[in-house]
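Engineer: Just need the structure, nothing else, for what follows:
(one chain, ligands or ions: 1)
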Amino acid sequence: MTRLRPVVMADAERLGDWRRDPEAGGEFQWFGYMLGGDLKKRIEDGTVIDRVDGGMLAITDDEGQLVGDVSWTRRGYSPIAGSEAWNIGIVILTEHRGRGHGSAAQRLVADYLFAHSPANRVEATTDSANVAEQRALEKAGFTREGVLRGAQFRGGRWNDLAVYSKLRGE
Ligand SMILES: CC(C)(COP(=O)(O)OP(=O)(O)OC[C@H]1O[C@@H](n2cnc3c(N)ncnc32)[C@H](O)[C@@H]1OP(=O)(O)O)[C@@H](O)C(=O)NCCC(=O)NCCS
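Structural biologist: You can find the predicted model right below:
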């Protein structure tokens, strides 16, 4: 079964694969080398889960083996306090892709965020050509809302992003 748990120092190296290795990032998650990631520092000083701005959880499989991470950041849509949404992101380690962890983990993190914050909306954006992530979000109960045209620079060009969301109670 796919589970979520806090990230520990032993996870940090593998969870940074996609920042150092174009193959680990793959077609839709390679943004060039990002060697200065501060994940280890955030684990060390206990800010990897920040109740206000966002956080990250490790994803594990049946055997408790690390298979990836899922993270969330705050998006404000109104000056009224409490109207923030969470925008989630996910990376499954290359050898564990295509086994259902991506869909299960995104369902679990939405449940987690609705249980532990008053947010009404959990959203995700992904390249409009990233079929695996779009399918994973749909399987996790997210609804496609539309396309952000030319929103993300990656791989030498501007790319369209598909927008998905799940509202409290859905
Ligand atoms: C996208 C990603 C999170 C999906 O997680 P996953 O565990 O590999 O996906 P799942 O096994 O849950 O599969 C979800 C659905 O996508 C389909 N799928 C998986 N890989 C696919 C691929 N390469 N092409 C097309 N469909 C694919 C699955 O068949 C499944 O649909 P189905 O049940 O109808 O058959 C994962 O592949 C990944 O981390 N990719 C690289 C990073 C990335 O793209 N992150 C998202 C960036 S916003």
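Engineer: For the residue nearest the centre of the chain, name its beta-bridge partners.
Structural biologist: By Cα atoms, centre = their mean, the chain has its centre lying nearest to G89, at 1.7 Å. Beta-bridge partners of G89, counted by DSSP bridges, are S71.
Engineer: Who are the contact partners of the residue of the chain found nearest the ligand?
Structural biologist: Here the chain gets closest to the ligand at one residue, G102, 1.9 Å apart by Cβ to the nearest ligand atom. No exception for glycine: its C-beta is placed from N, CA and C like everyone else's. Contact analysis of G102 by Cβ atoms under 8 Å, 6 or more residues apart in numbering lists 68, 90, 92, 132-133, 136.
Engineer: on that earlier part again, thought the residue nearest to the centre of the chain was touching G55?
Structural biologist: No - the criterion here is Cβ atoms under 8 Å, and G89 misses it with G55 at 11.4 Å.
Engineer: Residues that sit against both of the two, list them.
Structural biologist: Common neighbours of G89 and G55 are listed as 71-72 (criterion: Cβ under 8 Å, 6+ apart).
Engineer: interface residues of the chain facing the ligand?
Structural biologist: Residues of the chain lying close to the ligand (Cβ under 6 Å from any ligand atom) are 26, 28-29, 89-92, 97-103, 126, 130-133, 135-136, 139.
Engineer: Mind giving me the ChimeraX command for buried ones among those?
Structural biologist: Selection of buried members from the residues of the chain next to the ligand for ChimeraX, criterion 16 or more other Cβ atoms under 10 Å:
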select :26,28,29,89,90,91,92,97,101,102,103,126,130,132,133,136
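Engineer: how about the strands in this protein?
Structural biologist: 3-6, 49-50, 54-60, 66-75, 85-92, 121-127, 143-154, 157-167 (DSSP state E).
Engineer: list the contacts for R14?
Structural biologist: 66, 93.
Engineer: Quick check: longest helix in the chain by residues?
Structural biologist: As assigned by DSSP state H, the longest helix anywhere in the chain is helix 101-116.
Engineer: Just want the angle from that helix to strand 54-60.
Structural biologist: In terms of direction (axes from the mean of the first three to the mean of the last three Cα atoms, to 10 degrees), helix 101-116 departs from strand 54-60 by 130 degrees.
Engineer: Take helix 101-116, keep the C-alpha atoms, and write them as PDB.
Structural biologist: Output of helix 101-116 as PDB, limited to C-alpha atoms (Å, rounded to 0.1, in the frame of the first residue of the first chain):
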ATOM      1  CA  HIS A 101       2.000   5.300  -6.300                       C
ATOM      2  CA  GLY A 102       1.500   8.600  -8.100                       C
ATOM      3  CA  SER A 103      -2.300   8.500  -8.100                       C
ATOM      4  CA  ALA A 104      -2.500   7.000  -4.600                       C
ATOM      5  CA  ALA A 105      -0.100   9.600  -3.100                       C
ATOM      6  CA  GLN A 106      -1.900  12.600  -4.600                       C
ATOM      7  CA  ARG A 107      -5.200  11.300  -3.200                       C
ATOM      8  CA  LEU A 108      -3.500  10.800   0.200                       C
ATOM      9  CA  VAL A 109      -1.900  14.300   0.300                       C
ATOM     10  CA  ALA A 110      -5.200  15.900  -0.600                       C
ATOM     11  CA  ASP A 111      -6.900  14.000   2.200                       C
ATOM     12  CA  TYR A 112      -4.100  15.100   4.600                       C
ATOM     13  CA  LEU A 113      -4.300  18.700   3.600                       C
ATOM     14  CA  PHE A 114      -8.100  18.900   4.000                       C
ATOM     15  CA  ALA A 115      -7.800  17.200   7.400                       C
ATOM     16  CA  HIS A 116      -5.100  19.400   8.800                       C
END
